[in-house]
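Enquirer: Give me the fold of what follows.
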Amino acid sequence: MGDTAPRTRAPEQTRRAILDAAIAEFSEKGFAGGRVDDIAARTATTKRMIYYYFGGKEQLYAAALEEMYGGIRDAESRLDLDALPPEDAMRRMVETSFDHHARHPEFVRMVSVENILEARHVRESPSIRARNATVIGKLDKLLARGVAAGVFRAGVDALDLHLLISSFCFYRVSNRHTLGAIYAVDLRAKDCTERHRAMLVEAVLRYLSPP
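Expert: The predicted structure is shown next:
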């Protein structure tokens, strides 16, 4: 006779499901509007299980935020930049950042929420600060390689470059609804996305080119 009892999900699967639901909830409603009851409903679990795995709403939000920041840093870490000439490596970095923002609007929304909260949770997360420091290190190393090869100009600050890249990637996602309403443009359309991607790469490489 077969076992018809429902199987309990593995702890890691349950934790993952809760985290995914929390990301969806907080990115849609913000920290204040997000409710643990609704997160539980999204995963068919209980508030008790959420508290068991994460401790409470504040801790769950912080974990979701860490996951969002970790996603883009993971994408960058998978790039074998040292195997590429500096210009090609920079192109890959820019394209990876652009693609991640475009594919993960929930990341943009959660970062927007955290800025409304004046970075309260980011300030309390050594993990977020440490992981985000890695992108500056990568850019710094890449800039040095480009200067040594004579293809990048000297004196470019890695954080400034990061802001240049991230700002356009972020803005076109965070403001796509207002821009769409004002200018009747769909920033999610394939031709628009491809044009903006190429434009950003060209803008960065032109900015870095030596005199």
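
Enquirer: All the helices of this structure, in order from the start?
Expert: Applying DSSP state H to the chain gives helices spanning 11-33, 36-43, 47-54, 57-77, 86-103, 105-116, 120-123, 126-149, 158-174, 176-183, 190-208.

Enquirer: is it possible to export those to TSV including mean neighbour count?
Expert: Quick note: C-beta positions are derived from backbone N, CA and C, even for glycine. TSV is the format used below for the helices of the chain (neighbours: other Cβ atoms under 10 Å):
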stretch	mean neighbour count
helix 11-33	17
helix 36-43	17
helix 47-54	16
helix 57-77	19
helix 86-103	19
helix 105-116	18
helix 120-123	16
helix 126-149	16
helix 158-174	17
helix 176-183	12
helix 190-208	14
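
Enquirer: Those into CSV, with extra columns for mean pLDDT?
Expert: Formatted as CSV, the helices of the chain follow (pLDDT from 0 to 100):
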stretch, mean pLDDT
helix 11-33, 93
helix 36-43, 94
helix 47-54, 92
helix 57-77, 93
helix 86-103, 97
helix 105-116, 95
helix 120-123, 93
helix 126-149, 95
helix 158-174, 97
helix 176-183, 97
helix 190-208, 98
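
Enquirer: so R188 makes contact with H177?
Expert: No - judged on Cβ atoms under 8 Å, R188 makes no contact with H177 at a distance of 10.4 Å.

Enquirer: hey, what's in contact with both of these two?
Expert: Taking Cβ atoms under 8 Å, 6 or more residues apart in numbering as the criterion, R188 and H177 do not both touch any residue.

Enquirer: residues in contact with stretch 94-108?
Expert: Outside stretch 94-108, the residues that reach it (Cβ under 8 Å, 6+ apart) are 23-24, 27, 68-69, 71-72, 75-76, 79, 165-166, 168-170, 172-174, 188, 193, 196-197, 200-201, 204.

Enquirer: now do 6 Å
Expert: With Cβ atoms under 6 Å, 6 or more residues apart in numbering as the test, stretch 94-108 has contacts from 23, 27, 68, 72, 75, 165, 169-170, 173-174, 197, 200-201, 204.
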